[in-house]
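>>> just coords:
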């Protein structure tokens, strides 16, 4: 029997483990290795040490011609820092908007209003539609000629506002972020609402009897009781937002403009190019490694920030 | 509930009372109603636009199309070869979801029900993959796939989709297996069930809600995926629908054939929405189960 058990363990684990090792773990490790090379994707790789990283993080680049070598880097990557900035805007501002709205909607929908399931279903719906279709939809909503937003504003008599180029260089990122939050709110609403639904009703009733107002009930009763789910939702959100690519990549058409570069898009562009390939595989891998470091850091920070004794209600 | 005599009267009163109650908190309805109206209107708007002529989209953005232009659909269907892409999508998604279940269910079972040296960290390695951005994989993966001659093949894409779905699927399935009580297993063993029999006849049926969750979730994700397909599929004959829509979007934006683009978006969007309307409870339960475990 013991022998049968070992055989079963090996037989059950081997296929998944092999596939995962060869097509997931191995490529991920290779990215680490590749980030130290200059490579066009074909032919010889040239070992360049940390040069790719120095190009991206100019603070590491020592400019020997300057009096203040660390303050005056000799080379600055034009696209990397804007990509970092855009990604952080998406993670932080997007996170505030998404969770702000998700909490408001959770509170409203769990207050006993009618049609809760219907609202939840409709608000979650964008999550099942292809991101490519949604970003094309939003490109049409923002379209300056026949866009939905323009027509709504004209109906409301806002002639001037209707002329706003929503996807113009200064607004493209925020407009795209709105579209992404529209999707993300639905997802997090479902998570939070499910957690709130598990709280026994008498706890809310008791708080009401004790004279707590809705805001107090929310901060003192609801939030502490769903803390674990909030932690999972926030970590999941930040990983998703940090590697976002689909929406900004296509909303302006096939040529994603630098105003919409996220880290994932910049990685893609360095590796596979926009129209003409750039073929800087080593540098692309370095961007990926930095993204991985950011993901790990974010997870650690959130684990720390959110650590708190779980409140039990059973 | 109410007495038979005068039951209607009581019900009417109760009904009126509840209306008054709802009116008193009407402000609560504002946000969810607006949000839902917007979402539903978006679907209406895009379907109506897809049936208009290019001139009408611009001139008469609100109304119904003067004369529904069904040829927008037939045209885009033929030009972009959507029939073939639909077939590719069905093959790729179906095969990937099936493979995910075949690979992950046994592995998750072994990892969560049998303690052996290294089972703990092996589980962690599987689940940790959820924190690895796709950017870490695509370049080396592209090289591996080229070496194996799997670029521009359906089975190559199936292989990739299956692999990248492993972390999430293992997370959910180990969670489900772990919650099962040990009594069933022990009873089956005492009755002389083989190790495989315990898994196949006893444990697997017990986690069927988990299997369904994993299947639906991956189905939606893979059906809608386009960025990995963009890297690994260039051949028009091998494109799945979402990848095809990317190609269409490129050409439509330049040719200004908006209605064709609208029609293509509707073709990609509507099946998902219909499936969703039928399965939404299941799907929402699934997501919740994953997070609340």
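Yes, it's here. As the structure is a computational prediction, the values presented were derived from the model and not from experiment. Numbering: from 1, shown residues only, chains lettered A, B, ... in the order given.
>>> what does the helix or strand encompassing residue B:120 rub up against?
Residue B:120 is part of helix B:119-128 when elements are defined by DSSP states H and E. Here helix B:119-128 makes contact (C-beta atoms under 8 Å, 6 or more residues apart in numbering or on different chains) with A:13, A:16-17, A:20, A:25, B:107, B:110-112, B:166-167, B:170-171, B:174. Yep, even glycine has a C-beta here, placed from its N, CA and C like the rest.
>>> Mind doing that once more with 7 Å?
A:20, B:111, B:166-167, B:170-171, B:174 (C-beta atoms under 7 Å, 6 or more residues apart in numbering or on different chains).
>>> for stretch B:172-189, same thing?
By C-beta under 7 Å, 6+ apart, stretch B:172-189 touches B:104-105, B:108-109, B:111-113, B:123, B:197-198, B:202-203, B:206-207, B:210, B:213-214, B:290, B:293.
>>> With stretch A:298-312 instead?
A:224-225, A:227-228, A:231, A:234-235, A:238, A:242, B:131.
>>> what does the model give residue 274 for pLDDT?
Going with chain A. Listed pLDDT for residue A:274 reads 65.
>>> could you do chain B instead?
pLDDT recorded at residue B:274 is 85.
>>> burial of it, as a residue count?
Close neighbours of residue B:274, defined as other C-beta atoms under 10 Å in any protein chain shown, add up to 10.
>>> you'd agree it is in a helix?
Yes: assessed with DSSP: H, G, I helix; E, B strand; the rest coil, residue B:274 lies in a helix.
>>> separation between it and residue A:126?
The gap separating residue B:274 from residue A:126 is 15 Å, by C-beta to C-beta, to the nearest Å.
>>> Then residue A:235?
22 Å.
>>> got it, and residue A:23?
Distance, residue A:23 to residue A:126, by C-beta to C-beta: 30 Å.
>>> Close to chain A: what parts of the stretch 1-150 of chain B are there?
Neighbours of chain A within the stretch 1-150 of chain B, by C-beta under 7 Å from any C-beta of the partner chain: B:22, B:25, B:28-29, B:31-32, B:35-36, B:39-40, B:42, B:45-46, B:57-58, B:61-62, B:103-104, B:106-107, B:109-110, B:114, B:116, B:126, B:129, B:131-141, B:144.
>>> neighbour count winner among residue A:23 and residue A:126?
residue A:126 (24 against 21).
>>> Could I get the contacting residues of that one?
Contacts of residue A:126 by C-beta under 7 Å, 6+ apart are A:134, A:182-183, A:186.
>>> Let's see which of these end up in strands.
Among those, no member is found in strands (DSSP state E).
>>> what is the mean pLDDT for the one helix or strand residue B:145 maps to?
Assigned by DSSP H and E, residue B:145 belongs to helix B:135-147. On average, the pLDDT along helix B:135-147 is 93.
>>> Which other helices and strands does it contact?
If you count contacts as 3 or more C-beta pairs under 7 Å, 6 or more residues apart in numbering or on different chains; DSSP states H and E, helix B:135-147 packs onto helix A:26-34, helix A:263-272, helix A:281-305, helix B:227-232.
>>> most neighbours per residue, which of those?
Highest mean neighbour count among the helices and strands packed on helix B:135-147 (mean count of other C-beta atoms under 10 Å in any protein chain shown): helix A:263-272, with a mean of 25.
>>> Can you give the distance from it to the centre of its chain?
16 Å (C-alpha atoms, centre = their mean, to the nearest Å).
>>> again, but for stretch A:160-178
Averaging C-alpha positions (C-alpha atoms, centre = their mean) puts stretch A:160-178 20 Å from its chain's average.
>>> residues in contact with it?
Outside of stretch A:160-178, the residues that reach it under the criterion C-beta under 7 Å, 6+ apart are A:86, A:89-90, A:93-94, A:142, A:144, A:149-150, A:153-154, A:247-248, A:251-252, A:257, A:259-260.
>>> pretty sure residue A:148 contacts residue B:45?
Yes: assessed by C-beta atoms under 7 Å, residue A:148 is found in contact with residue B:45 at 5.9 Å.
>>> Compare these two (neighbour count), which wins?
residue A:148 (21 against 18).
>>> What residues does the more buried one make contact with?
By C-beta under 7 Å, 6+ apart, the neighbours of residue A:148 are A:140-141, B:45.
>>> Using TSV, please lay out these together with distance to residue B:72.
Listed next are those as TSV, based on distance: C-beta to C-beta, whole Å:
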residue	distance to residue B:72
A:140	14
A:141	19
B:45	15
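>>> so which of the residues you listed comes closest to residue A:115?
residue B:45 (22.4 Å; C-beta to C-beta).
>>> any weak-confidence spans in chain A?
Applying pLDDT under 70 to chain A flags residues A:1-3, A:58-76, A:274-277, A:309-314.
>>> Quick check: the gap between the residue nearest the centre of it and chain B.
By C-alpha atoms, centre = their mean, chain A has its centre lying nearest to residue A:241, at 0.5 Å. Per C-beta to the nearest C-beta, to the nearest Å, residue A:241 is found 11 Å from chain B.
>>> ok, for that residue, nearest residue in space, not its chain neighbours?
Spatial nearest neighbour of residue A:241, chain neighbours left out: residue A:91 (4.5 Å); criterion: C-beta to C-beta, 6 or more residues apart in numbering or on different chains.
>>> which other helices and strands contact the helix or strand where that neighbour lies?
Per DSSP H and E, residue A:91 falls inside helix A:80-109. On a contact count with 3+ C-beta pairs under 7 Å, 6+ apart, helix A:80-109 meets helix A:116-124, helix A:172-197, helix A:227-242, helix A:263-272, helix B:30-50.
>>> Would you mark the buried spots in that helix?
A:80, A:82-84, A:86-88, A:90-91, A:94-95, A:97-99, A:101-103, A:105-109 (16 or more other C-beta atoms under 10 Å in any protein chain shown).
>>> Next: stretch A:210-227.
A:212, A:217-218, A:221-222, A:225-227.
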